[in-house]
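> quick one: sequence plus predicted model below, questions after.
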Amino acid sequence: MLVIKSPGARKALKILLPAFAIPATVAAGAVLLEEKQYALISLAVAVMATVLFAAGFEKKQTGTRRLIICAVMIALSVAGRFIPLFKPVTALTVITAVYLGGESGFLVGAMSALISNFYFGQGPWTPFQMLAWGFIGLFAGISGRYLKKSRISMAAYGLISGAAYSLVMDIWTVLWYSGSPDIKLYLAAVVTALPHTALYCVSNVVFLWLFAKPFGEKLERVKLKYGV
């Protein structure tokens with residue numbers, strides 16, 4: 001596993017990758033590159049998500065153990081996308097982030113989108129899904145201490161995450177349809193997607209309300225047992 005030992009380099013990467021490099025890569029890919037080059041953008045986001053994850057750890061042993069847990073959460077997320085209507089990807093991403101950190105959450109969210117789309121279909125939407133789920137995980141990790149306090153806080157974050165995911169994907173819809181930003185088209189896309197967004201928000205709330213605590217308790221035990 002990649003290890004970044006310099007504290008300064010780790011801190012810089014933890015700021016620069018999510019704040020500038022990853023969003024800029026997705027935006028540039030959508031605006032500047034041809035549609036068939038989406039695979040290059042998806043690969044770039046996956047690499048940067050892995051580097052961001054590595055920046056969270058000084059010791060290889062700790063990072064490797066946490067990576068194994070993240071791999072399990074990614075596998076559960078991918079399997080969860082086969083559930084009709086309700087999709088637990090966001091919930092599992094949030095749970096991972098809250099108990100393992102924002103870098104882990106970003107990795108689980110981004111890689112869940114990439115890997116599951118090998119079945120559901122890769123396309124220019126994949127980088128946007130990776131970006132949306134990745135940031136949902138990252139911000140959940142930043143807010144982790146508050147989200148752990150109550151089911152209501154966790155459920156509220158799931159509600160907000162559902163709306164945020166839809167808003168990000170509507171950006172892709174506009175760029176795919178018109179090839180350039182268009183606020184009127186974007187608002188139309190947002191309104192059209194409201195039923196789907198509402199269902200997605202409800203599914204997030206249900207999964208987090210029911211499973212955040214039991215999943216979290218198991219992750220805490222694993223962290224304690226293996227020194228993660």
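Arrived safely.

> and the residue of the chain most remote from its centre, how far is that from residue 111?
Ranked by distance from the centre of the chain (Cα atoms, centre = their mean), the top residue is residue 184, with 27.4 Å. For residue 184, the distance to residue 111 equals 35 Å [Cβ to Cβ, to the nearest Å]. Using the backbone N, CA and C atoms, a C-beta is placed for each residue, glycine as well.

> same check, this time on residue 22
The gap separating residue 22 from residue 111 is 13 Å, by Cβ to Cβ.

> residues that sit against both of the two, list them.
Both residue 22 and residue 111 are in contact with residue 49, where contact means Cβ atoms under 8 Å, 6 or more residues apart in numbering.

> buried sites along stretch 208-218?
For stretch 208-218, the buried set under the neighbour-count rule, 16 or more other Cβ atoms under 10 Å, comprises 208, 212, 215-216.

> go on, stretch 158-177?
Residues of stretch 158-177 classed as buried by neighbour count (16+ other Cβ under 10 Å): 158-159, 161-166, 168-175.

> and which of the buried residues of stretch 208-218 is nearest to residue 101?
Nearest to residue 101 out of these is residue 216 (Cβ to Cβ; 13.3 Å).

> state the helix or strand in which the closest one lies.
Element membership for residue 216 (DSSP states H and E) is helix 194-226.

> same question for that helix, mean pLDDT?
For helix 194-226, mean pLDDT rounds to 92.

> output the contacting helices and strands for it.
helix 60-80, helix 89-100, helix 151-178 (3 or more Cβ pairs under 8 Å, 6 or more residues apart in numbering; DSSP states H and E).

> turn these into TSV, including distance to residue 139 and mean pLDDT.
Shown next, in TSV, are the helices and strands packed on helix 194-226 (distance: least, Cβ to Cβ, whole Å; pLDDT from 0 to 100):
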stretch	distance to residue 139	mean pLDDT
helix 60-80	17	88
helix 89-100	8	96
helix 151-178	8	91
